[in-house]
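>>> I'll drop the sequence and a predicted model, then ask my questions.
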Amino acid sequence: PASVAGMGSPVARLRRFVEQGGRWLALHGTNSILRFLDDGRVDTPDEAPVFMETLGSRFLSHPPIANYTVSPTQEHDPITEGIGPFEVEDELYLAQALAPMRVLLDTEFAGETPRFTRSHWGYARHPVLYERRLGLGSVLYFTLGHCRGPHDMRPLMDVYPRVERGAWSSPVFRTLLGRCIDWGLG
């Protein structure tokens with residue numbers, strides 16, 4: 001966009017890299033900016049519009065970590081080839097699409113996300129893995145990948161009481177992640 005003034009910022013350089021044929025593999029929290037409000041809720045402000053538009057989406061909310069089914073949407077894509085629907089325990093990212101995307105994996109959700117300022121969600125399918133073409137290059141964004149250990153919640157708390165491995169415990173996730181890395185390497 002015209003708002004990429006001077007093309008000298010890190011975001012402008014990233015965008016130019018992709019537009020000129022680069023591949024950007026983005027994982028899990030890449031599209032989220034969180035602000036913890038005094039009332040205990042979490043806001044997701046629109047503070048990096050060029051970055052998020054380059055990525056193709058902006059995180060808005062997620063329900064509590066739980067198991068859900070992820071389904072492939074493209075029959076003959078090399079990344080999802082041979083992958084059927086699978087169960088995963090992770091954060092189910094609910095996001096605003098900001099650009100055209102080719103969804104490779106998705107899931108469904110309807111319900112509440114009570115800790116977030118955007119908390120009411122009607123039924124919809126939500127991308128879990130997508131490719132966003134930009135100029136001569138593209139972005140591949142995989143929303144899975146939540147994990148947390150004892151010291152990952154500072155300054156909110158000194159010690160988090162458990163280790164959460166999320167999708168990292170899933171062999172299917174690890175297979176898909178390997179294919180995404182291969183994609184990124186060209």
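Here it is on my side, so go on.
>>> Where does pLDDT dip in this structure?
Low-confidence segments of the chain (pLDDT under 70): 1-7.
>>> Report the beta-bridge partners for Glu131.
Arg102, Leu140 (DSSP bridges).
>>> Ala97: neighbour count?
Other residues within reach of Ala97 by the criterion other CB atoms under 10 Å amount to 14. Heads up, the C-betas are built off the backbone N, CA and C, glycines and all.
>>> I meant Gln96, not that one.
Applying other CB under 10 Å, we find 13 residues neighbouring Gln96.
>>> What residues does the closest residue to it other than its chain neighbours make contact with?
Closest residue in space to Gln96, ignoring its immediate chain neighbours: Arg58 at 4.8 Å, by CB to CB, 6 or more residues apart in numbering. When contacts are counted by CB atoms under 8 Å, 6 or more residues apart in numbering, Arg58 is found next to Asn31, Thr44, Asp46, Met52, Ala95, Gln96, Leu98.
>>> Buried subset of those residues as a ChimeraX selection?
Below is the selection syntax for ChimeraX that covers the buried ones among the contacts of Arg58, with 16 or more other CB atoms under 10 Å defining burial:
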select :31,44,52,95,98
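>>> Adding distance to Asp152 and secondary structure as columns, could you present the contacts of Arg58 in JSON lines?
Written out in JSON lines, the entries for the contacts of Arg58 read as follows (distance: CB to CB, whole Å; DSSP: H, G, I helix; E, B strand; the rest coil):
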{"residue": "Asn31", "distance to Asp152": "19", "secondary structure": "helix"}
{"residue": "Thr44", "distance to Asp152": "19", "secondary structure": "coil"}
{"residue": "Asp46", "distance to Asp152": "25", "secondary structure": "coil"}
{"residue": "Met52", "distance to Asp152": "23", "secondary structure": "helix"}
{"residue": "Ala95", "distance to Asp152": "22", "secondary structure": "strand"}
{"residue": "Gln96", "distance to Asp152": "26", "secondary structure": "strand"}
{"residue": "Leu98", "distance to Asp152": "28", "secondary structure": "coil"}
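>>> and the contacts of Arg58, which two are the farthest apart?
Greatest spacing in the contacts of Arg58, by CB to CB: Thr44 and Leu98 (13.1 Å).
>>> those helices in the chain, which residues are they?
Counting by DSSP state H, the segments of the chain that form helices are 10-19, 49-55, 171-185.
>>> so how far is the longest one from its chain's centroid?
This points to helix 171-185. 15 Å (CA atoms, centre = their mean, to the nearest Å).
>>> circling back: please determine how far the residue nearest to Gln96 is located from His126.
Distance check for Arg58 against His126: by CB to CB, to the nearest Å, it reads 13 Å.
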